[in-house]
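K.L.:
Curious how this folds, go ahead:
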Amino acid sequence: MSKKLGKQTYKFNNLISISDTRAIVGPMEGEGPLRSYFNEIIKDDLLGQNSYEKAEHQMCLKNIFAVMEKNNLKQSDIDIYIGGDLLNQIITTNLTARDLKIPYWGVYNACSTFVEALQTASTLLDGDFIDTAIISATSHFSTAERQYRYPLELGTQSPPTAQRTVTGSGCVLLNKNVTNKPIITHMTIGKVMDFEQNDPNDMGSAMAIAACDTIITHLEDIDKSPQDYDLIITGDLGIVGYNIAKDFLRKKGVNIENIYKDCGMLIYDTKNQDVVSGGSGAGCSASVFCSFLYDKLLKKELNNILLVATGALLSPVSTGQKENIPCIAHAVINIKGVFMEYLNVFITGGILCLIAQIIMDNTKLVSGQILVIYIVMGVILTAIGLYEPIVQFGKAGATVPLTGFGYSLVKGTILQVKQDGIIGILTGPLTATAGGITAAIIFGYFFAFIFSPKTKK
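P.N.:
Numbering: from 1, shown residues only. Here you go, the predicted structure:
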C-alpha cells in the first residue's frame with residue numbers, strides 16, 4: 001500500500017504506469033500553441049449535436065473509445081472508469097459511464113478533477129485492488145459559461161482577470177508495471193482553503209495560494225527542492241494567478257520561476273487569442289497533460305514533473321449567496337519510465353565490456369593498450385557526433401566505461417572553449433574529468449592493497 005510522507009503526501013510502492021493518453025479539444029484550443037500535440041481538434045464545438053451539453057458528452061465518450069480501440073481493449077478489460085466534469089451532478093461523466101457500462105466512480109474537484117481522478121485510480125492500483133483503469137476530465141466553454149456565469153446570448157464582456165473555460169477532454173489509461181512508460185510515484189492531497197475571494201471572474205487569485213500551499217507542503221513532505229524537478233506546472237491559474245503564486249512562493253523562499261509553467265497559459269496564445277487571463281476548466285490540465293506533457297515525458301525531454309491541478313469549488317448557489325470561493329490543489333509526480341532505462345544501461349555497458357573482453361581473449365593486446373583504444377574511440381566518436389546518441393540511449397552504460405572518458409574529454413573541451421576561448425583546450429579536459437581521475441587513483445590504490453593485480457602476459 002501507499003506510504004505516507006509528512007502531512008499530505010503518499011508514495012506509491014507499485015509502479016503506476018501511464019500506458020496511454022488522448023486529448024480532444026475544440027476550435028479555439030486547436031488554434032493555440034499546442035495544436036500539433038492534440039490527438040483531435042473538433043471544428044464544430046456542437047459536434048453534430050443539438051446542444052452543447054450533448055456535445056460535451058460525445059467528446060468525452062469519443063475520447064475514451066479511441067483509447068480503448070488503440071490499445072485493443074474491451075469494456076470487460078477495464079476494472080474501473082473514474083472521471084468528472086463541471087456540470088451539475090457531473091452529468092457529462094455520468095452519461096459517459098452509462099454508455100461505457102464499466103464500473104464507475106464519479107469525482108468532482110472543479111478544475112483539479114483530473115488530478116483527483118489520477119490520485120484515486122493510482123491508489124486503487126497501488127493497493128492491488130485493480131489492474132487497469134481509465135480516467136477522464138472534461139469541460140466545454142459554452143456549457144460552463146452559462147452554468148457559472150451568464151448565458152452566451154447576452155454577450156457579456158469579461159474583465160481582465162477572467163479565464164476562458166477550455167473545450168477539451170483528456171483521457172488516461174493506467175496500469176501497473178508497464179515498461180518504458182511514464183509513471184506516477186507520489187501524490188499530495190490538497191486541503192480546501194478560503195482566501196476571502198468571491199469573484200467568479202477572478203478564480204486565479206482565489207486558487208493561487210491553494211496551489212502554493214500544496215507545493216510547499218509537497219516539497220517539505222518529501223524533503224526535496226524545486227530544482228529536483230524539470231517542471232512544476234499548475235493546472236489553470238491563468239496569468240493573474242500564476243504571477244500571484246510565483247511572487248508568493250518567492251517570498252516564502254521557494255524559487256520556482258525558472259521551472260514554473262501553467263496549463264491555462266500554455267493552451268492558448270494569451271497575447272493573440274481573446275482568452276483574457278488564459279484557460280481554465282476540468283479539461284484544461286487534462287488536455288495539456290494528455291498531449292503536450294505526456295509527449296515530453298515519452299521523448300524524455302522532461303524526466304520529472306510535478307503537476308499541481310487547482311480547483312475553485314464554487315457553484316451558482318454559493319455565488320448567489322455571496323459566499324467566498326473555497327479552493328483546493330492536488331499534486332502528482334510524473335516521471336519517465338524506469339525499467340527500460342535500466343535495461344538500456346545494462347545492455348550498453350555490457351556490450352562495451354564484452355567487446356573489450358573479446359579483444360583481450362583473442363589478441364595480444366594488453367589492458368593498457370585496450371584502455372587507450374577505448375579512450376581514443378570515445379574521443380573520435382564524440383567529435384563526429386556518433387557517441388552522443390549512444391549516451392542518450394545507454395546513459396551510465398555509455399559514460400562509465402572508458403569510451404565515456406573520451407566522451408567527457410571532448411564535451412569538457414567544447415564547453416570550456418565556448419566559455420573561455422582557446423585556453424579551454426587545456427582547461428576543459430581537466431575540468432570535465434578531474435572527478436573521475438581522482439576516484440580512479442583513490443580506488444585503484446585501495447584495491448591494490450587488497451588484491452594482487454597482474455598485467456596480462
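K.L.:
which SSE is the closest residue in space to Gly84 that isn't next to it in sequence in?
P.N.:
Nearest non-adjacent residue to Gly84, counting by CB to CB, 6 or more residues apart in numbering: Thr113, 3.9 Å away. (Glycine included, C-beta is placed from N, CA and C.) Assigned by DSSP states H and E, Thr113 belongs to helix 113-126.
K.L.:
again, but for Ser17
P.N.:
Secondary structure assignment for Ser17, by DSSP H and E: strand 9-25.
K.L.:
Which is the succeeding secondary structure element to that strand?
P.N.:
Following strand 9-25 in sequence, per DSSP H and E, is helix 27-30.
K.L.:
buried ones in that next one?
P.N.:
28-30 (16 or more other CB atoms under 10 Å).
K.L.:
wait, doesn't Gly281 sit right on Thr143?
P.N.:
No: applying CB atoms under 8 Å as the test, Gly281 and Thr143 come out as separate, 9.8 Å apart.
K.L.:
In terms of neighbours, single out the busier of these two.
P.N.:
Counted by other CB atoms under 10 Å, Gly281 and Thr143 do not tie: Gly281 has more neighbours, with 31 against 27.
K.L.:
what's the pLDDT at the more buried one?
P.N.:
Per-residue pLDDT puts Gly281 at 95.
K.L.:
The closest residue to it other than its chain neighbours pairs with what?
P.N.:
Among residues not flanking Gly281 along the chain, Ser139 sits closest, at 3.3 Å (CB to CB, 6+ apart). Beta-bridge partners of Ser139, counted by DSSP bridges, are Gly168.
K.L.:
In the helix or strand where Ile216 lies, which residues are buried?
P.N.:
Assigning secondary structure by DSSP H and E places Ile216 in helix 203-222. When burial is assessed from 16+ other CB under 10 Å, helix 203-222 yields the following buried residues: 203-215, 217-219, 221-222.
K.L.:
so Val254 sits right up against Lys224, yeah?
P.N.:
No: the criterion here is CB under 8 Å, and Val254 misses it with Lys224 at 11.1 Å.
K.L.:
and these two? which has more neighbours close in?
P.N.:
More neighbours surround Val254 than the other of Val254 and Lys224, with 18 against 15 (other CB under 10 Å).
K.L.:
Contact partners for the more buried one?
P.N.:
Residues near Val254 by CB atoms under 8 Å, 6 or more residues apart in numbering: 215-216, 219, 226.
K.L.:
close enough to count as contact, Cys171 and Cys290?
P.N.:
Yes: counting by CB under 8 Å, Cys290 is a contact partner of Cys171 at 6.4 Å.
K.L.:
ok, back up a step: biggest separation within the contacts of Val254, which pair?
P.N.:
Greatest spatial distance in the contacts of Val254: Ile216 and Pro226, 10.3 Å, computed using CB to CB.
K.L.:
Is it correct that Val308 falls within a strand?
P.N.:
Yes: Val308: assigned to a strand according to DSSP: H, G, I helix; E, B strand; the rest coil.
K.L.:
That one - how many residues pack around it?
P.N.:
With other CB under 10 Å as criterion, Val308 counts 29.
K.L.:
Count the neighbours of the residue lying closest to it once chain neighbours are set aside for me.
P.N.:
Spatial nearest neighbour of Val308, chain neighbours left out: Ala331 (4.5 Å); criterion: CB to CB, 6+ apart. Counted with other CB under 10 Å, residues neighbouring Ala331 total 28.
K.L.:
what are the bridge partners for Ala331, then?
P.N.:
On the basis of DSSP bridges, Ala331 is bridged to Thr188, Val308.
K.L.:
OK, contacts around it?
P.N.:
Neighbours of Ala331 in contact, by CB under 8 Å, 6+ apart: 115, 187-188, 190, 214-215, 218, 306-309.
K.L.:
where does the protein dip in pLDDT?
P.N.:
Along the chain, segments meeting pLDDT under 70 span 1-2, 337-342, 453-457.
K.L.:
could you point out the longest helix in it?
P.N.:
The single longest helix within the chain, with elements called by DSSP state H, is helix 424-450.
K.L.:
where exactly do the helices run in the stretch 51-200 of the chain?
P.N.:
With DSSP state H, counting those that start in this stretch as the criterion, the stretch 51-200 of the chain has helices at 52-70, 91-100, 113-126, 141-148.
K.L.:
about what we covered before: check which helices and strands the longest helix of the chain sits against.
P.N.:
With contacts taken as 3 or more CB pairs under 8 Å, 6 or more residues apart in numbering; DSSP states H and E, helix 424-450 sits against helix 402-420.
K.L.:
What residues sit buried inside stretch 250-265?
P.N.:
Quick answer for stretch 250-265 (16+ other CB under 10 Å): 254, 256, 259-265.
K.L.:
now, which of the residues you listed lie within helices?
P.N.:
263-265.
K.L.:
quick one: the helix holding Thr113 to helix 91-100, angle?
P.N.:
Angle of helix 113-126 versus helix 91-100, following axes from the mean of the first three to the mean of the last three CA atoms, to 10 degrees, is 40 degrees.
K.L.:
picking up where we left off before, what's the closest of the buried residues of stretch 250-265 to Asp79?
P.N.:
Asp79 lies nearest to Cys263 out of those, by CB to CB, at 28.2 Å.
K.L.:
so which strand or helix has the closest residue to the closest one other than its chain neighbours?
P.N.:
Spatially, and ignoring its direct neighbours in sequence, Cys263 is nearest to Val288 (4.1 Å; CB to CB, 6+ apart). Assigning secondary structure by DSSP H and E places Val288 in helix 282-288.
K.L.:
Any idea how far that helix is from the middle of the chain?
P.N.:
13 Å (CA atoms, centre = their mean, to the nearest Å).
K.L.:
shared neighbours of Cys171 and Cys290, which are they?
P.N.:
Taking CB under 8 Å, 6+ apart as the contact rule, the neighbours common to Cys171 and Cys290 are 21-23.
K.L.:
Distance to Gln369 and neighbour count for those residues - can I get that in JSON lines?
P.N.:
Listed next are these as JSON lines, based on distance: CB to CB, whole Å; neighbours: other CB atoms under 10 Å:
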{"residue": "Thr21", "distance to Gln369": "51", "neighbour count": "25"}
{"residue": "Arg22", "distance to Gln369": "55", "neighbour count": "25"}
{"residue": "Ala23", "distance to Gln369": "56", "neighbour count": "27"}
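K.L.:
Closest one of those residues to Lys300?
P.N.:
Looking across those and measuring by CB to CB, the closest to Lys300 is Thr21, at 16.1 Å.
K.L.:
Report the beta-bridge partners for that closest one.
P.N.:
In this entry, Thr21 is beta-bridged to Val172, by DSSP bridges.
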